[in-house]
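Q: Prediction below, plus the sequence it came from.
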Amino acid sequence: MMLRAALLLVASPALADPVIPVFTNETATSGITTAYQGEWEFMVGGGVSTFDCSGDGFPEAFISGGADASALYLNRSTKGGPLTFAKADAAFPAGITGAYPLDIDSDGTLDLVTLRVGPDLLLRGLGDCRFEDATAAWGFAGGDAWSTAFAATWEKGQSWPTLAIGTYIDRKEEAFPWGSCTDNHLFRPDGEGYGPPAPLTPSFCALSMIFTDWNRTGQPALRVSNDREYYKAGREQLWHLDPGQPPREYTEKEGWKRLRIWGMGIASADITLDGYPDFFLTSMADNKFQTLATPEPGTKPVYSDLAFARGITAHRPYMGDDLKPSTAWHPQFADVNNDGRLDLFVAKGNVAKMPDFAAADPNNLLLQNEDGTFTEAGDKAGVASVKIGRGAQVVDFNLDGALDLVVVNRWEGAEIWRGDASLAGAWVQVRLDHPGPNRNAIGAVIEVRRGEVVERHEITSGGGHMSGSVGWLHFGLGATDAAEMRVIWPDGSEGPWLTLPARGFYTLSPGAEPAIWQP
Amino acid sequence: MKFHRRHVLALPLALLARPLGAAPRPEVERDVIVTWYRLILELVRHTATYSPPVASRAFAYIGITAHEALASGNPALRSLAGQLNGLATLPARTPGDHDEACVLHAALAASARNFFSNTGPTGQRAMGAMTERMAGKAMDGIASDVVARSTAHGEAIAAHILQWSLSDGGAVIENMGFPASYTPGTNPQDWVPTSLVRQQQAPLLPDWGTVRPFAMPTGDACSLPAPPAYSEDPASPFFLAAKEVYDTVTNLTDEQRLIARFWSDDPMLSPTPPGHWIAIVLDIADRDALPADRISEILATLGIAMADAFIGCWAAKFEYDLLRPITYIRRHIDPKFEPLLNTPPFPEYPSGHSTQSGAAATVLTAAFGEDFAFDDHTHEDEGLPVRSFASFWAAAEEAGISRLYGGIHFRFGIDQGLVQGRCIGAYAAGLATRA
């Protein structure tokens, strides 16, 4: 049924242009001032993570400062109001390239995994947006590398998450850095903490990672996007993660084709509506959009690139006079105009002083058309900043149902835009409350039924460009007045189909009625 | 000797470990040129404008710079001024002693800065570090006035060559060499884009055939006969050539797959095809401890031959504008045909690998002789095995046929490419580098 629907969708002619949301740049009044600073060792990174640590439901923003101090911004916005933040007193060490929120110890309070040029740190959330360094207490070997990628999953039977951390160049190799990619590591739980990490070798300068049940076997694998600028003999990677077994790389004989790109970020979503996650991989010049060639349970990892066909190569600036190739970083699928179709945001920016690539490289906001192609609207939507973008998050900061946007820039302050509250399309937002370990239900799948089509949304921790979010999950509904959805929980148990009235917030738990929440 | 990143780090350290001033100057000179070239191979890989034609041009100018830097102080060597198109007499040395390693280092450092000014921050950082490291090595134990005089001369040579290069028509590369727009021909035999990469919907460097050549008189000095007449008749030579590609790719052996990958030398993923031949020479230079003047004259003539090869090849490619096997095979044999290698984004005839390999084999055979056996370590870092060849032509022929195995060239494009390369290479091989 899903496959037939997908084919019909692709075959149908392009209809009316999608609604273009109008974003308002509220950087100047937002209170957010942090810039991603630093020279060569901070040419990548610059992540932002969003999560609610104050308990009011509004997401905070943690912005990486690179060589300077990072900052946690407490969300002081009101429902539908201007985006305003107050810088928290909490102090964070310098050298942070990105951070991901994750309830590591499943105590109901989000912790923070901070990736650094230097030892990585696990910061335990204490509530009220306070944190303490739990790196040693949890037995986490933070190393001393240039960390640039992260993903987490709860392996079957485990009460603590398995963490994957990717690293970049050996920063001591000044005269000849090529081929000096340092080891990525897999941290598996050992009781209430971690044992020694297992190397994920060969490692090829990872800039994004994500655990995904890509072929719906119930066994997630680890996808790694690598920067070909620095590796030798490298490629994009997919790792088996069989229970109790060392990680094992998929091979060409298993169908995993050798692909070598300047991999910088991963976004995943079921855009093709075939029931399996598709992957958008950012790079320099053309970006990739991969979909399974044969979407069947247990299929081989053979992917086709649909970026050209769908109009999302995003290979060069679409405005201005600088038409050199683009440099893409954080990608994210999200329904920014609430029409019920996922759109694509891509943060752009020159590495720095690379004259063969665009210096004025606007962010992309690619709106999905009814026929599955995308139309560029970054300029018309007002988010086409040509600052040197890196990490980003598309998230509803003021809980009005219209998605907002924050982008971290290199050497200049982060920018934040308020979404378009005048959008006619409906929406619903849910958050998952999973009792016991894995409180935020990483690895769950939310299915949304739209007529004959069922969309699958995999809940993940990781990916993007050193940017991530935990909290409200936003679904545009278009002209419908309720969402039909269900949750398939991490243990595989299927929740009932629910009808959730539009324009509402709901907390979903296994075996419980949806709990309405109001900002 | 296999040489990669570890060698770059280890060699200077090894030499520094000797008693101060103990390193023989010929050894230092060889170290200067080989180490700079090892870095240049990486810069070619990591600079986005360095497609194979552009890389060949840089190898030619940098090789000429090295040769002229030494020729100006060695009466046994002969300048290429007056032999190469448009190259005027180079600056003479000022009175006083010069040190050859210092001259070479200054010339190569300046040349690298010039030709890789558009590389990224990591390349810039590496060039800075290498300049400092090799300067320390070259200047160790040399009188300061000699260092200053030698540095000035090396930089003057590099500046002269740079100035000459600016007028050849290949100095400015926009959009990585791809025109902003392009309208393919409408004849059935015309080249059409074969890639799903948006940037590659136009062919790479369609005007490269008009770039000023180095040793050959004009870009079409070694023109080729037309390819077999286009036909869709299954009995026609053209169809049979396409069928050969199809059958070969369908029944590839492991050895053929390896050969295809070994010579693939994709831009931005390798030092490019001309860089592959440069790497072969550097391995031989290490293995046989060649003196710097010998290395530089070979690198100069090799660079010239390959640069002229790309100019001549590109002139022919856009004269005949022939479609690629993937296009023909999908239209007339199997719509699901997938070649082993990515098809390059420009017309088929002749094979660029073949032309430039034929030119390279011609000058290297002239330099080292027939049946000169060598091992090719170029892709050891990439996990590919060392390949051994009985002669340069054996390597060139393998490079050519690798494109058939890869499914991206017809055999006639390969055969004629080698013929064209032999013709073009003869011009470079005929240059007088010694008095």
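A: Cool, got the structure. Numbering: from 1, shown residues only, chains lettered A, B, ... in the order given.
Q: in chain B, which helix or strand is least confident?
A: helix B:5-16 (a mean of 40; mean pLDDT, DSSP states H and E).
Q: which bits of chain A sit near chain B?
A: A:40, A:43, A:173-180, A:228-230, A:232-233, A:260, A:284-286, A:305, A:307-309, A:313, A:315-316, A:323-325, A:351-357 (Cβ under 8 Å from any Cβ of the partner chain). For glycine as for every other residue, the C-beta is placed from the backbone atoms N, C-alpha and C.
Q: Which parts of the longest helix belonging to chain B count as buried, going by neighbours?
A: The longest helix of chain B (DSSP state H) is helix B:292-320. By neighbour count on 16 or more other Cβ atoms under 10 Å in any protein chain shown, the buried set for helix B:292-320 is B:292-318, B:320.
Q: now do stretch B:227-234
A: Per 16+ other Cβ under 10 Å, stretch B:227-234 contains these buried residues: B:227-228, B:230-231.
Q: How far does that stretch stretch from one end to the other?
A: Terminal residues of stretch B:227-234 lie 17 Å apart, using Cα to Cα, to the nearest Å.
Q: any residues touching it, and which ones?
A: Stretch B:227-234 is contacted from outside by B:187-189, B:236-239, B:241, B:243, B:320, B:322, B:332, B:349, B:410, B:412-413, B:416, using Cβ atoms under 8 Å, 6 or more residues apart in numbering or on different chains.
Q: Can you tell me which of those residues are buried?
A: Neighbour-count burial (16+ other Cβ under 10 Å) applied to the contacts of stretch B:227-234 gives B:189, B:238-239, B:241, B:243, B:320, B:322, B:332, B:349, B:410, B:412-413, B:416.
Q: I'd like these as JSON lines, with secondary structure and distance to chain A appended.
A: What follows is the buried ones among the contacts of stretch B:227-234, written out as JSON lines (DSSP: H, G, I helix; E, B strand; the rest coil; distance: Cβ to the nearest Cβ, whole Å):
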{"residue": "B:189", "secondary structure": "coil", "distance to chain A": "25"}
{"residue": "B:238", "secondary structure": "helix", "distance to chain A": "29"}
{"residue": "B:239", "secondary structure": "helix", "distance to chain A": "29"}
{"residue": "B:241", "secondary structure": "helix", "distance to chain A": "27"}
{"residue": "B:243", "secondary structure": "helix", "distance to chain A": "26"}
{"residue": "B:320", "secondary structure": "helix", "distance to chain A": "27"}
{"residue": "B:322", "secondary structure": "strand", "distance to chain A": "24"}
{"residue": "B:332", "secondary structure": "helix", "distance to chain A": "23"}
{"residue": "B:349", "secondary structure": "coil", "distance to chain A": "26"}
{"residue": "B:410", "secondary structure": "coil", "distance to chain A": "25"}
{"residue": "B:412", "secondary structure": "helix", "distance to chain A": "29"}
{"residue": "B:413", "secondary structure": "helix", "distance to chain A": "25"}
{"residue": "B:416", "secondary structure": "helix", "distance to chain A": "31"}
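Q: Farthest pair within those residues?
A: Distances among the buried ones among the contacts of stretch B:227-234 were taken as Cβ to Cβ; the most separated pair is B:332 and B:416, at 22.2 Å.
Q: Tell me which residue is most central in chain A.
A: Of all residues in chain A, the one closest to the mean position by Cα atoms, centre = their mean is residue A:464, 3.7 Å from it.
Q: what's the nearest residue to that one once chain neighbours are set aside in contact with, if anything?
A: Spatial nearest neighbour of residue A:464, chain neighbours left out: residue A:330 (5.0 Å); criterion: Cβ to Cβ, 6 or more residues apart in numbering or on different chains. Neighbour list for residue A:330: A:47, A:265, A:282, A:345-347, A:389-393, A:407, A:464-467 [criterion: Cβ under 8 Å, 6+ apart].
Q: Which one of those residues is nearest to residue A:92?
A: Residue A:92 has its nearest neighbour among those in residue A:47, at 12.6 Å by Cβ to Cβ.
Q: Dihedrals phi and psi, the closest residue to that closest one other than its chain neighbours?
A: If the residues on either side of it in the chain are set aside, residue A:47 comes closest to residue A:98, at 2.7 Å by Cβ to Cβ, 6+ apart. Phi and psi for residue A:98, reported as degrees, to the nearest 10, are phi -180, psi 170.
Q: wait, residue A:98 sits on residue A:393?
A: No - at 11.4 Å, residue A:98 does not count as touching residue A:393 under the criterion of Cβ atoms under 8 Å.
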